[in-house]
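Asks: Just a sequence and a predicted model for now, questions to come.
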Amino acid sequence: MGVFAQKIQWVDPITNETLNSDGHYLVSNHSSYSIFNGIPNFVDNVNDQTQKQVQESFGEKWSQSDFGQNDAEFEEKIKPVYLEMMGLEESDLAVFNNKIILEVGIGSGSSSRLWGPQAKEFHGVDISKAVYRVQTNLKKLISNPILSQADINKLPYLDESFDVVVSNGVFHHTPDTKLALKNSLKKLKIGGFCIFYIYKKKSPVREFSDDYIRSKISDLSYNDAWEKIKPLTDFGKLLHEKNTQITIPFDIELLGIKKGTYDLQRFFYDYFFKCFWKDSWGYDYSNLVNVDWYHPKYCWRHSKDEIQSWCTEFNLNIKYIKELESGYACYVVKTSSIT
């Protein structure tokens, strides 16, 4: 069976060697990895300083927030959003039944509520310290989640190990979105499927504003960024409370603005800068969404054509690429080995 009572064993992410248990460590011939509360840490050092900032940002986000952890709140407010982000309906969740699943970028485990409970074996990895909250957050739903702190580009598994790989909005927060997708797909069995969400490119003014605001926010501590973002959240709330509609009778092609009738808050959000507000989520969760967008330094956006070209290069069968308000929900099937 291996070191632990799990079907898919961890391996040294650098050498793919078998790991042996030595007290509070997993060891190979070349490396040792500490274990805390049954969770090995494969990323003690992050040399890419931008990636380190992203690691720390999400570590603070998911450690400080209980977003998605209240059962009733999740079912009523958050689950519908997550289903849409992944391009799924409630009835589609049966596709995860009795599968060996790897979630890359698990955070504190809120998305895992969609697919973890019905898995034959559920594995989750995250580069941040948030992974240490998952056991507590999911203990009522998943009896034995198999967790590790690991880098998407150095996953501690042999290739072609999993029936399913899922990732909700994580690949674009790495140094290279395409590479992160590729390295995750390597761990998927031939014939297995991957469902993921990737940010899309926005209108030109929104793109400019987002990069400008991120340049002012991302060097701050997470808590300072939280405070600095509040005026954007306040502005979104103010516009929403105006309950004002604006009609644009023609396309403004140069600015990527499409004709139509918009709620004023949504018009600013879509075309000028992110000022998220959702009444049912309240102030802290709305501010969390805005901080989530502006604080991580790696925050790539992509086009549908880019994603399709990756799928062609990796010889993937595309079940769907659904364009949503802020990104693309993607479902692909692996048809051959990826090297």
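Replies: Great, that's in hand. Residues are numbered from 1 along each chain as shown.
Asks: In the protein, where is pLDDT below threshold?
Replies: Across the chain, the ranges flagged by pLDDT under 70 are 1-4.
Asks: what about the longest strand in it?
Replies: With residue count as the measure and DSSP state E as the assignment, the chain has strand 188-199 as its longest strand.
Asks: Run a quick neighbour tally on the nearest residue to Gly59 once chain neighbours are set aside.
Replies: Once flanking residues are discounted, Gly59 sits nearest to Ser128: 3.6 Å by CB to CB, 6 or more residues apart in numbering. Where C-beta positions appear, they are placed from N, C-alpha and C, glycine not excepted. A count of neighbours around Ser128, defined by other CB atoms under 10 Å, yields 22.
Asks: roughly how far apart are Ser128 and Leu138?
Replies: For Ser128, the distance to Leu138 (CB to CB, to the nearest Å) stands at 16 Å.
Asks: Please determine how far the residue at the greatest distance from the centre of the chain is located from Lys304.
Replies: Relative to the mean C-alpha coordinate of the chain, counting by CA atoms, centre = their mean, the farthest residue is Pro249 (36.4 Å). To Lys304, Pro249 is 27 Å away according to CB to CB.
Asks: same deal with His240?
Replies: From His240 across to Lys304, the span is 29 Å (CB to CB).
Asks: do Ile8 as well
Replies: In terms of CB to CB, Ile8 sits 33 Å off from Lys304.
Asks: The two: who's more crowded?
Replies: A direct count of neighbours by other CB under 10 Å for Ile8 and Lys304 places Ile8 higher, at 18 against 15.
Asks: any chance you could map the strands in the protein?
Replies: Going by DSSP E, the chain shows strands at 20-22, 25-27, 32-36, 39-40, 100-104, 121-126, 146-149, 162-168, 188-199, 245-248, 260-263, 316-323, 327-334.
Asks: and Gln64, which of the ones you listed is closest to it?
Replies: strand 121-126 (15.1 Å; CB to CB).
Asks: which residues sit against that closest one?
Replies: Residues from elsewhere that reach strand 121-126 (CB atoms under 8 Å, 6 or more residues apart in numbering): 6-8, 58, 100-107, 109, 112, 115-116, 131, 134, 142, 144-150, 152, 155-157, 162.
Asks: now do stretch 130-147
Replies: Outside stretch 130-147, the residues touching it (CB under 8 Å, 6+ apart) are 4, 6, 8, 36-39, 58-59, 61-63, 69, 71, 106-110, 112-113, 116-117, 119, 121-126, 148-149.
Asks: Val104 against Ser167, yeah?
Replies: Yes. With contact defined as CB atoms under 8 Å, Val104 reaches Ser167; the gap is 4.7 Å.
Asks: Now for those two: what residues contact both?
Replies: With CB under 8 Å, 6+ apart as the test, Val104 and Ser167 both reach Ser184.
Asks: The two: who's more crowded?
Replies: Using other CB under 10 Å, the more surrounded residue of Val104 and Ser167 is Val104, with 27 against 24.
Asks: measure that one to His173 for me?
Replies: 11 Å.
Asks: for Lys297, same thing?
Replies: Lys297 is 9 Å from His173, by CB to CB.
Asks: who touches both of those two?
Replies: In contact with both Lys297 and His173: Val54, using CB under 8 Å, 6+ apart.
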